[in-house]
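Undergrad: how would this look folded up:
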Amino acid sequence: MTPVIRPVILCGGSGTRLWPLSRPERPKQLLPIAAAETMLQQTAVRVRDPARFGTPLAVCHERHGATVAEQLAGVDCAAERVLMEPVGRNTAAAAAVAALAAAGDDPSAVLALMPADHVIGDLDAFQAALDSAAAAARAGRIVTLGVRPDRAETGFGYIRRGAPLEGLDGCCAVDAFTEKPNRTTAEQYLADGRYLWNAGLFIFRADVLIEEMERHAPEIVAACRRALEDGTGEGALWHLEAAAFGSAPAQPIDVAVMERTDRGAVVPVEMGWSDVGSWQALHEILANAGDIDGNVVVGDCVVAGTDGSYVRSDGPLVAVIGMSGCAVVATEDAVLVCPLDRAQEVKTLVDRLSERRRKGAAAEGEPIVHPVE
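TA: Sure, this is the predicted structure:
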């Protein structure tokens, strides 16, 4: 029998690049963006088999706790605990608090830390990679899944893999983590063949991660231990104590642990992975279900003389004529129109809208124009 892996589903993140659909109060992981189920539910279904996976833990912002619990129960994957953060402190703190919670039951539990807002098309490849990673985790490694790139992508971080690890089939040493590259560097990475996309999926024993965090990021694990112990809750929902959790340094697990540990490993995999990080990425995922002109149309929309575009309305009727390679997304209170190849700039737009709200809206009816750098 395959030993059980305990899923830890990370439900944080604001999904700003999918504005105006994704909002702080209802971010992309809680929305049915790529399928009939929400992205959180898709993630849960992928790790629902009780022969392979234990009862999940979830980590989310406290404003989303009840919704996360409800959505997981809705696909027969109820969480044992929903650990609710009073403020986001990035993935190292989320991993630490989950490891501490799991270690209370079983210090050697193997956890699979996975974002709730990713799409994985090849489940067999995903399961096989998890099996290899879990075997290495049981041997004391902290493992990440590295996606083999199929293009020179500038929107992802990369992992440079090293030599295969003896006795751990499918696993390699980690030579380096690198930040998001420019176009020239990304093309060099693709040609090199050793570089993998950092998918943000980590597999480890609870006690091993705690030990490595106490060595390399003691402030984070200490703050998370206090936040967990001093928290309050009812049923599956657990409020982490605000002052303690807020004192944790905000770092990704890559920086806090993976770049410093000598226990790191990577499993290269091709699994049809996407982080759905933009409207362009979503168009690519759904293109096979689009019309003969390559349009993906969702909601009350009409298109004519348009090709290669993503058109969606969750509000009024949207009519599009003569567009090519564009995103047109309407909600009840906002409309976005942009070329798909500039969809990453939506985050900049959202930052400007947030600044506008902080400074106070302009006089009613007065347009606000932001030049593009």
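Undergrad: what about this protein, any weak spots by pLDDT?
TA: Across the chain, the ranges flagged by pLDDT under 70 are 1-3, 361-373.
Undergrad: all helices for it, in order.
TA: Under the criterion DSSP state H, helices of the chain are mapped to 39-46, 65-74, 90-103, 123-138, 183-192, 206-216, 218-229, 242-246, 253, 279-286, 346-359.
Undergrad: ok and the longest one relative to helix 206-216, angle-wise?
TA: This points to helix 123-138. Taking axes from the mean of the first three to the mean of the last three C-alpha atoms, to 10 degrees, one finds that helix 123-138 is oriented at 60 degrees with respect to helix 206-216.
Undergrad: give me every residue that touches Gln42.
TA: Ala34, Ala35, Val119 (C-beta atoms under 8 Å, 6 or more residues apart in numbering). From N, CA and C alone the C-beta is placed, and that goes for glycine too.
Undergrad: Could I get these in TSV, plus columns for neighbour count and distance to Asn295?
TA: Listed next are the contacts of Gln42 as TSV, based on neighbours: other C-beta atoms under 10 Å; distance: C-beta to C-beta, whole Å:
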residue	neighbour count	distance to Asn295
Ala34	19	16
Ala35	13	18
Val119	21	20
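Undergrad: What about the residues you listed, which are in strands?
TA: Mapping these onto strands (DSSP state E) picks out Val119.
Undergrad: picking up where we left off before, make TSV out of the helices of the chain and add distance to Ala236.
TA: Converted to TSV, the helices of the chain look like this (distance: least, C-beta to C-beta, whole Å):
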stretch	distance to Ala236
helix 39-46	14
helix 65-74	6
helix 90-103	11
helix 123-138	24
helix 183-192	42
helix 206-216	19
helix 218-229	15
helix 242-246	18
helix 253	24
helix 279-286	31
helix 346-359	32
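Undergrad: neighbouring contacts of stretch 184-193?
TA: Defining contact as C-beta under 8 Å, 6+ apart, one finds that stretch 184-193 is touched by Pro149, Arg151, Ala152, Glu153, Thr154, Tyr158, Thr178, Pro181, Tyr195.
Undergrad: Buried ones from those residues, can you make that a PyMOL selection?
TA: Listed next is the PyMOL selection for buried residues among those, using 16 or more other C-beta atoms under 10 Å:
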select buried, resi 149+152+153+158+181+195
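Undergrad: May I see the contacts of stretch 184-193 arranged in CSV, with distance to Gly315 as well?
TA: Listed next are the contacts of stretch 184-193 as CSV, based on distance: C-beta to C-beta, whole Å:
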residue, distance to Gly315
Pro149, 37
Arg151, 33
Ala152, 36
Glu153, 32
Thr154, 32
Tyr158, 38
Thr178, 41
Pro181, 38
Tyr195, 42
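Undergrad: Greatest separation within the contacts of stretch 184-193: which pair is it?
TA: Greatest spatial distance among these (C-beta to C-beta): Arg151 and Thr178, at 16.5 Å.
Undergrad: quick one: contacts for Pro32?
TA: Neighbouring residues of Pro32 by C-beta under 8 Å, 6+ apart: Thr38, Met39.
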